[in-house]
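**Q** Kindly generate the corresponding structure for this input.
(chains A, B and C)
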Amino acid sequence: MIGNDIHNFAKQLWPINRSITGEGVRTTLDHIKQHLPDLEIKSIPSGTEVFDWTVPKEWHVSEAFIITPNGEKICDFKVNNLHLIGYSTSFDGNIKLEELKKHLYTLPEQPGAIPYITSYYKERWGFCLSQNQFDQLEDGEYYVKIEAKHFDGALNYGELIIPGKSLEEVFLSTYICHPSMANNELSGPTVVTFLAKWLSELSERRYTYRIVFIPETIGSIAYLSQNYKEMKEKIISGFNVSCVGDDRAYSYLPSRNGNTLSDHIAKHVLRYIAPNFKSYTWLDRGSDERQYCAPGIDLPIASIMRTKYGMYPEYHTSLDDLDNVVTPSGLDGGYWSIRKAIEAIERNRKYCITVLGEPQMGKRGLYPTLSTKKPVEQVRLTMNLLSLCDGKNTLLKIAETLDTPIWNLYELVDKLVENKLLVADERLI
Amino acid sequence: MIGNDIHNFAKQLWPINRSITGEGVRTTLDHIKQHLPDLEIKSIPSGTEVFDWTVPKEWHVSEAFIITPNGEKICDFKVNNLHLIGYSTSFDGNIKLEELKKHLYTLPEQPGAIPYITSYYKERWGFCLSQNQFDQLEDGEYYVKIEAKHFDGALNYGELIIPGKSLEEVFLSTYICHPSMANNELSGPTVVTFLAKWLSELSERRYTYRIVFIPETIGSIAYLSQNYKEMKEKIISGFNVSCVGDDRAYSYLPSRNGNTLSDHIAKHVLRYIAPNFKSYTWLDRGSDERQYCAPGIDLPIASIMRTKYGMYPEYHTSLDDLDNVVTPSGLDGGYWSIRKAIEAIERNRKYCITVLGEPQMGKRGLYPTLSTKKPVEQVRLTMNLLSLCDGKNTLLKIAETLDTPIWNLYELVDKLVENKLLVADERLI
Amino acid sequence: MIGNDIHNFAKQLWPINRSITGEGVRTTLDHIKQHLPDLEIKSIPSGTEVFDWTVPKEWHVSEAFIITPNGEKICDFKVNNLHLIGYSTSFDGNIKLEELKKHLYTLPEQPGAIPYITSYYKERWGFCLSQNQFDQLEDGEYYVKIEAKHFDGALNYGELIIPGKSLEEVFLSTYICHPSMANNELSGPTVVTFLAKWLSELSERRYTYRIVFIPETIGSIAYLSQNYKEMKEKIISGFNVSCVGDDRAYSYLPSRNGNTLSDHIAKHVLRYIAPNFKSYTWLDRGSDERQYCAPGIDLPIASIMRTKYGMYPEYHTSLDDLDNVVTPSGLDGGYWSIRKAIEAIERNRKYCITVLGEPQMGKRGLYPTLSTKKPVEQVRLTMNLLSLCDGKNTLLKIAETLDTPIWNLYELVDKLVENKLLVADERLI
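**A** Sure thing, here's the model as predicted:
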């Protein structure tokens, strides 16, 4: 089960302190590059204007902790990188509990969880801790130490182009800006790493694959600002990959358009691998499809997920881990749902029958010679498939008409093409 | 509550004997003109050919009553103008009860009600009375007196054009041919009078408003025969206003096309102000939409009503009054449902976001600076709205996608236009 | 009831041994020609290439039977032509029961029925018998005699062209290749014979009718291969007529397109004559629509049936008879459902009202002169119909909008055309 390999890879990446910029991003990309040697690690300087945004300064944390009046060290960034709010400024000094509390963030309704909080675009400092720990803090003077730098550096991302027969592209995007959390989000980059590996090792691909590992929001905006014209010309389908590691659900979130190839493929795959999959609307979105599908960008990007961000209790807390939330089988399901979608895109063509009227299947050994009362199931499927291959229906459409997963037709179509009863339209869809 | 003003106005108009022509129509229009000084009172001579019809002679009644064998005066037109059938011819003479009964009309199933009956296009005389009164008539000789004139005069109507920035028009039509009845029909002309007042007093309007007070059927046919080419060019939406005064229901009746802006707006408004509103079909029609939507005319005219003609027990009887049927709050609801529809037409535009990708809301003070687990409702609405402003969706369509009344978006859209994040398409819809 | 005449005709045709070729086909066509003198009986030589197929040799059986060890003659082709499998080769010799059984076919689940089995395209010999008879066969040596010839001859079919005002055609196809069975299939050719008689006797027809009596599959393929270009140009609607003789159900099977005039008409007719009719999909097909609707052929051919082939227990067995399965009333229903469909095609036009606005019905005597509270049903229907005659709606569409069978409108439309309130669009639909 490939889910085990993905889970092991996620464990390697777990302790790294990722944010939208910085050393953690680069270290993570280096690990991914070990699996994908052709991955290019790129950088955009701080201060670069990207659409309505500006690439922020880099953030580097040397250390961050609090010493209690009893001399105990708590909220140590080295123990759990969620303790420090993302992009926190520096602080060094003694402070009364009452004042300190203005800089402490907890989740009262989940008293055992450390929340994940960031403040990328406004300067502030602060710590996150569990409500349980917060409740035990005694009055008195605390020593707070945050040594963090904000400096002109770069925003980094990884880009991998895997060439296919056509210049038309399928796009996969995932993000590498979340610190130590598992479903949201080590599942995305680890699953995409193994999907990219599989794609790279195929003997041939109809489509070219554009795969990016970026920081969320600012990363997709920056990437789009440099590539969107080319992307609009080339990309015919794609997925934003996030929250693909737990075992509790399968989910679909549409593109803004809602009617693209990616949407149809995603719903088809999920209908057959998880008939009770959860279907969200565009109004439920929350990841980089916000940028990829924005007005004027309008890429055909949908999402296939396990349990969606925001819809599980451990979301954006220290409880979103690789033990209880993300599992090998959860990652395996995430991997295969997207792989089946990609395979369907590769196999989705228009076929045309080569004869007028029904073919004489008997002379080709494809039909029972004795006509009796009971039709044979495989014969019916073959004749139904042939009757729908009019050069206009896609294989996806045919599968839906036949109410069968598209992957059930691959072998049959190949046999009929071999027998010269079908020809594929060479044009892409 | 404007419903009180409308109700008071209806009381003023109540006693006037209206018909499709005559002094009552002119008096009614004079009263309306006191509220709308720019109203033009027009006339079309009797005998004028209008499409398939001919403008009828004017009808004037001096007096009409019956004297019973006991010398009692009954069915006196001066007491209730419903007693005389509309367009009744003259009669003067003594007549046996048996013969008289051929000229008496009652509603056996509503024994206390005087029915409303007309005979515009065939000469006859007759009286209407309650079944209760009818049952008490004793045998004997009755003296009948009807002094009525049919003469070459004119058909009158009122027309008000309220100019807007565009020459394109919104059309309101209501009718002033019904004698003393309230929902059908003093509610229409009184509500339209107050809508026209409000429109006249606006500092500006995107659209020009064409508002007519006409006799039903022959009036709309006559008006169309003189104006339909111009109307087809200019009118982009409109409503036939009838039965907008009681408190029991809200109703929608579609245009013949069923898919015009008027239909979409009417259903949207009613869905939010009265989720259980009654939806009729074109086959249930019965007022001037029959002419406005006729083949070859095809104007986009729908109806927003309270309880529809024919669907309440007091309809077309003396029981349709200003006490038990039509109320200030009923009229208020009728007024506001149509006003909200007009406001929606004025505000319904296509907007386009001015940046590619999501805007950086933080730097504009439109976004919380701290990213936590819980999204903020207003922020979600804003981002959803922006994501749908692609220059193709109308504001009405966006409101329906967001499942919110369009009027909830006016202020937000104005703020985003001020912040230069949205621009309106100057073209009309 | 015309069903009686059809049933009598079916009884005449019952004993003839039909197959896809041979004397039985020609005899059957001769009987049909007695009703339809203009029927042309055509032939295509064995060996002719027709699309992907080859016209097979003719098959002629002189005799076929088995003599049991007791000297009893069983499975005698002369007693029931289902005993011999279709296109059986010759055999003459003694054979042990064990060996004989490899050539015997039964239906264990229907022990009293002789199955109908054919082997057109692979040489084999065999007999069909009831399971009950099979179970009584004793060990020993059997004498088997089959005297059958396969020789270069012809495939025969009947074609009737009934001219109409237009060269555009309505197509009826039915098949004459089944031996002694009733619903599938003596019902088709007998019902079509009587439909063709009715059509021939009409004083005029808008459309030309192309009617064929052919062997199933190979016959439709052969006919198409010689005529499909002309057929694609001319045929605007049509039906494959099969299984129209029992009394248990009405059924609809769509064309491949599913959205043709034939489909709309078939569903409309069935909705009103049998609201609970059974609706099948293209995937349930099984007769000559497989060829007529094949990709590249794409004729607008649907099916109106009683109980569909394969969906009743007696199907393709000796139990499908003229006593228990097919009845005069069953055939009557089959006849009238298709006749009503053809009438609807003939009457389905676009009408346009000749006046703008509603017409003044009163002056034409088409409207009550007294306006009271209650509308009159026929008046409403008339006004509704007129309001929909905009030159764009077909009469079929109007009937569906009015939720009434199209045949309820024929007389009313004729009256309005006479009164010059409607004009028909002369173009065909």
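**Q** switch to C-alpha atoms for all contacts and neighbour counts from now on
**A** OK.
**Q** Contact partners for the residue in the stretch 201-350 of chain A that chain C sits nearest to?
**A** In the stretch 201-350 of chain A, the residue that lies nearest chain C is A:K350 (12.9 Å; CA to the nearest CA). Shown in contact with A:K350 (CA atoms under 8 Å, 6 or more residues apart in numbering or on different chains): A:C389, A:G391, A:K392, A:N393, A:T394, A:L395, A:A424, A:D425, A:I429.
**Q** residues contacting the residue nearest to it when sequence neighbours are not counted?
**A** Distance criterion CA to CA, 6 or more residues apart in numbering or on different chains; nearest residue to A:K350, sequence neighbours excluded, is A:T394 at 4.5 Å. Shown in contact with A:T394 (CA under 8 Å, 6+ apart): A:N348, A:R349, A:K350, A:Y351.
**Q** mind listing which of the residues you listed are in helices?
**A** When these are checked against helices (DSSP state H), there are no matches.
**Q** Kindly indicate which of those lies nearest C:V376.
**A** Ranked by distance to C:V376 (CA to CA), those are led by A:K350 at 56.4 Å.
**Q** Buried residues of the least confident helix or strand in chain A by mean pLDDT, list them for me.
**A** Using mean pLDDT, DSSP states H and E, the weakest-scoring helix or strand in chain A turns out to be helix A:377-388, at a mean of 92. For helix A:377-388, a neighbour-count test (16 or more other CA atoms under 10 Å in any protein chain shown) marks A:L381, A:T382, A:M383, A:N384, A:L385, A:L386, A:S387, A:L388 as buried.
**Q** Only alpha carbons, please: show it as CSV.
**A** Extracted in CSV, the C-alpha atoms of helix A:377-388 (Å, rounded to 0.1, in the frame of the first residue of the first chain):
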residue,chain,number,x,y,z
GLU,A,377,-23.8,-9.2,-19.8
GLN,A,378,-20.4,-8.6,-21.4
VAL,A,379,-22.0,-8.7,-24.9
ARG,A,380,-24.5,-6.1,-23.8
LEU,A,381,-21.8,-3.8,-22.4
THR,A,382,-19.8,-4.1,-25.6
MET,A,383,-22.8,-3.4,-27.9
ASN,A,384,-23.9,-0.5,-25.7
LEU,A,385,-20.4,1.0,-25.7
LEU,A,386,-20.2,0.6,-29.5
SER,A,387,-23.6,2.3,-29.9
LEU,A,388,-22.4,5.3,-28.0
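**Q** For the following helix or strand past that helix, give the mean pLDDT please.
**A** Next along the chain after helix A:377-388, taking DSSP states H and E as the criterion, comes strand A:390-394. In this model, strand A:390-394 has a mean pLDDT of 96.
**Q** in strand A:390-394, what's buried?
**A** In strand A:390-394, counting by 16+ other CA under 10 Å, buried: A:D390, A:G391, A:N393, A:T394.
**Q** And for stretch A:180-198?
**A** Within stretch A:180-198, the residues scored as buried using 16+ other CA under 10 Å are A:180-196.
**Q** now chain A, which segments are flagged as low pLDDT?
**A** For chain A, residues meeting the criterion pLDDT under 70 lie at A:368-375, A:428-429.
**Q** where do the helices sit along it?
**A** A:2-13, A:23-35, A:97-100, A:131-135, A:187-201, A:218-234, A:261-273, A:289-292, A:328-347, A:377-388, A:395-401, A:410-418.
**Q** Surely A:A344 and A:W407 touch.
**A** Yes: A:A344 is in contact with A:W407 according to CA atoms under 8 Å; the separation is 7.3 Å.
**Q** Give the closest residue to A:L366 in space, chain neighbours not counted.
**A** A:V379 (7.8 Å).
**Q** Relative to chain B, how far out is the one you found?
**A** As judged by CA to the nearest CA, to the nearest Å, A:V379 and chain B stand 45 Å apart.
**Q** What of A:H103?
**A** Using CA to the nearest CA, A:H103 is found at 12 Å from chain B.
**Q** what about the residue of the stretch 51-200 of chain A found nearest chain C, neighbour count?
**A** Of all residues in the stretch 51-200 of chain A, A:S166 sits closest to chain C, at 28.5 Å by CA to the nearest CA. By the criterion of other CA atoms under 10 Å in any protein chain shown, A:S166 has 14 neighbours.
**Q** Next, count neighbours for the residue nearest to it when sequence neighbours are not counted.
**A** Distances taken as CA to CA, 6+ apart put A:Y207 closest to A:S166, at 5.2 Å, once the chain neighbours are dropped. Neighbour count for A:Y207, taken as other CA under 10 Å: 23.
**Q** which residues does the nearest residue to A:G238 once chain neighbours are set aside bridge with?
**A** The shortest distance from A:G238 to any non-neighbouring residue, by CA to CA, 6+ apart, is to A:F171 (4.3 Å). Beta-bridge partners for A:F171, by DSSP bridges, are A:R210, A:G238.
**Q** need the contact list for A:F171.
**A** A:Y209, A:R210, A:I211, A:I235, A:S237, A:G238, A:F239, A:I301.
**Q** Out of those, which two sit at the greatest distance?
**A** A:Y209 and A:I301 (13.6 Å).
**Q** So for those two, which sits in the more crowded spot?
**A** A:I301 (31 against 25).
**Q** What separation is there between the more buried one and B:V79?
**A** Applying CA to CA, to the nearest Å, the value for A:I301 to B:V79 is 74 Å.
**Q** Also A:Q378?
**A** Distance from A:Q378 to B:V79, by CA to CA: 86 Å.
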